[in-house]
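Colleague: structure, please.
(one chain, ligands or ions: 1)
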Amino acid sequence: MFDTHAHFEGSPLETETVLRHAAEAGVTAIVAVGGSPALNAGAIAAAAAHPESVRVAIGFDRDQATAADPEVWCETLWMLVRDQGIKPAAIGEIGLDYHYARETRHEQCALFAAQLRLADEWGLPVSIHTREADDDTLRILDEAPWRQDHPRGVIHCFTGDAPFAQALVARGFAISFSGIVTFRNADPLRAVAATIPEDRLLIETDSPFLAPVPKRGERNEPAYVRYVAQCLADVRKTSLAAIDACTTRNAQMIFG
Ligand SMILES: [Zn+2]
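Modeller: So this is what the prediction gives:
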């Protein structure tokens, strides 16, 4: 299985333990995702320690939008790639969250747009977070250059409605579901998950957050991505093996 979105912020020992659990659970590929200076460093360290199974995404998320100008953050990414030789599989996570920080939306939009331009320049896919910001997300995606013929990327931890999912699929994106899709009150989201085209479906943990049922309340880890896959298999009336196969294939197309 391919966990397309996990964070590594803990000690090297903790990362080793989590990655061992993942391998034992049949999770053979993981994208370690950044988003802040600390998350980028953790993701880079995890990928450096296990290049056979872990790829890295670096970027700056909505929480960094007011800490520095977009040019400064993009320069930071340039330095990681050019000076430190980091080879990212994607830029992420980036995007908008108006649930927690509506007041910084202008800065969030500027940082998001700047990193989409960088992704186009580098020919990399993006890992996008979007919450209660559907219209601005679509507008900024439509204004992005997208000159390259690379996979656009993924909307991670999707929690939107079916029309939003359709709009994103129409723009070339894959839709990734996290443990949220397993939650008891998530019937509407499960209904959306049933409608995503098979070649655009992805799974993730967003660990260490959002542990899926039946692990809710525990610290999440990539090994638990199978519960997300099983939930998708149930709502799409197919087998776990079929979900594993299509989500792994889709993730390899996007992240290599
Ligand atoms: Zn995340």
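Colleague: low-confidence ranges in the stretch 151-256 of the chain?
Modeller: The stretch 151-256 of the chain contains no residues with pLDDT under 70.
Colleague: tell me where it has strands.
Modeller: Taking DSSP state E, counting those that start in this stretch to define them, one finds strands in the stretch 151-256 of the chain at 153-155, 174-177, 201-203.
Colleague: turn those into CSV, including distance to residue 119.
Modeller: Placement of C-beta: from N, CA and C, glycine included. Formatted as CSV, the strands of the stretch 151-256 of the chain follow (distance: least, C-beta to C-beta, whole Å):
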stretch, distance to residue 119
strand 153-155, 8
strand 174-177, 15
strand 201-203, 17
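Colleague: ok, which of those strands comes nearest residue 15?
Modeller: strand 201-203 (20.5 Å; C-beta to C-beta).
Colleague: ok, the closest one: who's next to it in the sheet?
Modeller: Applying DSSP bridges, strand 201-203 is found paired with strand 174-177 (parallel).
Colleague: run the chain-centre distance for the partner strand.
Modeller: Offset of strand 174-177 from its chain centre (C-alpha atoms, centre = their mean, to the nearest Å): 8 Å.
Colleague: contacts for it, please.
Modeller: For strand 174-177, contacts defined as C-beta atoms under 8 Å, 6 or more residues apart in numbering pick out 4-5, 151, 153-158, 165, 168-169, 189, 193, 196, 200-204, 228, 231-232, 250, 254.
Colleague: which ones among those map onto helices?
Modeller: Secondary structure defined by DSSP state H assigns 165, 168, 169, 189, 193, 228, 231, 232, 250, 254 of the contacts of strand 174-177 to helices.
Colleague: which of those residues has the most neighbours?
Modeller: Among the ones in helices among the contacts of strand 174-177, residue 228 has the most neighbours (other C-beta atoms under 10 Å), with 29 neighbours.
Colleague: looking at it, it is touching residue 183, isn't it?
Modeller: No. Using C-beta atoms under 8 Å, residue 228 makes no contact with residue 183, being 11.0 Å away.
Colleague: now stretch 133-147: buried residues?
Modeller: Neighbour-count burial for stretch 133-147 flags 133, 134, 136, 137, 138, 140, 141, 144, 146 (criterion: 16 or more other C-beta atoms under 10 Å).
Colleague: wait, which of those residues is closest to residue 210?
Modeller: Looking across the buried residues of stretch 133-147 and measuring by C-beta to C-beta, the closest to residue 210 is residue 133, at 18.9 Å.
Colleague: residue 43 against residue 55, yeah?
Modeller: No. The criterion here is C-beta under 8 Å, and residue 43 misses it with residue 55 at 9.2 Å.
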